[in-house]
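Engineer: A structural model of the following input is requested.
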Amino acid sequence: MTRDLDLPADLPAGAVELIEAVGAEAAWVIVRAYGGTWVPVPATLPADHELARRLGPAVAAALVAWAGGGRVYIPSCRVATTRATIRALAATGRKRRDIATAAGVSEARVYQVLAEGPTADTRQMDLFATPAAHKEPASRA
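Structural biologist: Numbering: from 1, shown residues only. Coordinates of the predicted model:
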């Protein structure tokens, strides 16, 4: 499943595993709700369970199908999301100072991230965008 996505190199292995198990959009929903914590996952999912309420029934069901009856660590993905935010804001032409403030990092960190290399291919789905922002990549002609 992840073969079709251009995942950031700094994405934690646990996040890649989560993406492979439940899909990119569902993984992002789970990371936003529980990132940085251990989550107990029931073997079966009652409709009124906290997971169903916080994640939605479809995402919760995918998590239960993958890790039901156990406990799973959900990585925060903070490093990867911060880098993605910095690059996205830089692509809009914003000043480095404004990017630092918006991303919650130092201006020096903004320069460091931007010096690491080119931004991601814009034809790829943005893993860190909200599901509504996903669009099909442009066709290669």
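Engineer: Could I get the buried residue list for the longest helix anywhere in the chain?
Structural biologist: Longest among the helix segments of the chain by residue count, using DSSP state H, is helix 78-91. Within helix 78-91, the residues that count as buried by 16 or more other CB atoms under 10 Å are 80, 81, 82, 83, 84, 85, 86, 87, 88, 89, 90. Bear in mind the C-beta positions are built from the backbone N, C-alpha and C, glycine included.
Engineer: Export those residues as JSON lines, with columns for pLDDT and distance to residue 23.
Structural biologist: Below are those laid out as JSON lines (pLDDT from 0 to 100; distance: CB to CB, whole Å):
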{"residue": "80", "pLDDT": "89", "distance to residue 23": "17"}
{"residue": "81", "pLDDT": "89", "distance to residue 23": "18"}
{"residue": "82", "pLDDT": "93", "distance to residue 23": "23"}
{"residue": "83", "pLDDT": "92", "distance to residue 23": "22"}
{"residue": "84", "pLDDT": "88", "distance to residue 23": "18"}
{"residue": "85", "pLDDT": "92", "distance to residue 23": "22"}
{"residue": "86", "pLDDT": "95", "distance to residue 23": "26"}
{"residue": "87", "pLDDT": "93", "distance to residue 23": "23"}
{"residue": "88", "pLDDT": "93", "distance to residue 23": "22"}
{"residue": "89", "pLDDT": "96", "distance to residue 23": "27"}
{"residue": "90", "pLDDT": "96", "distance to residue 23": "28"}
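Engineer: Now render these as JSON lines, adding distance to residue 24.
Structural biologist: Output for the buried residues of helix 78-91, formatted as JSON lines (distance: CB to CB, whole Å):
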{"residue": "80", "distance to residue 24": "13"}
{"residue": "81", "distance to residue 24": "13"}
{"residue": "82", "distance to residue 24": "18"}
{"residue": "83", "distance to residue 24": "17"}
{"residue": "84", "distance to residue 24": "13"}
{"residue": "85", "distance to residue 24": "17"}
{"residue": "86", "distance to residue 24": "20"}
{"residue": "87", "distance to residue 24": "18"}
{"residue": "88", "distance to residue 24": "17"}
{"residue": "89", "distance to residue 24": "22"}
{"residue": "90", "distance to residue 24": "23"}
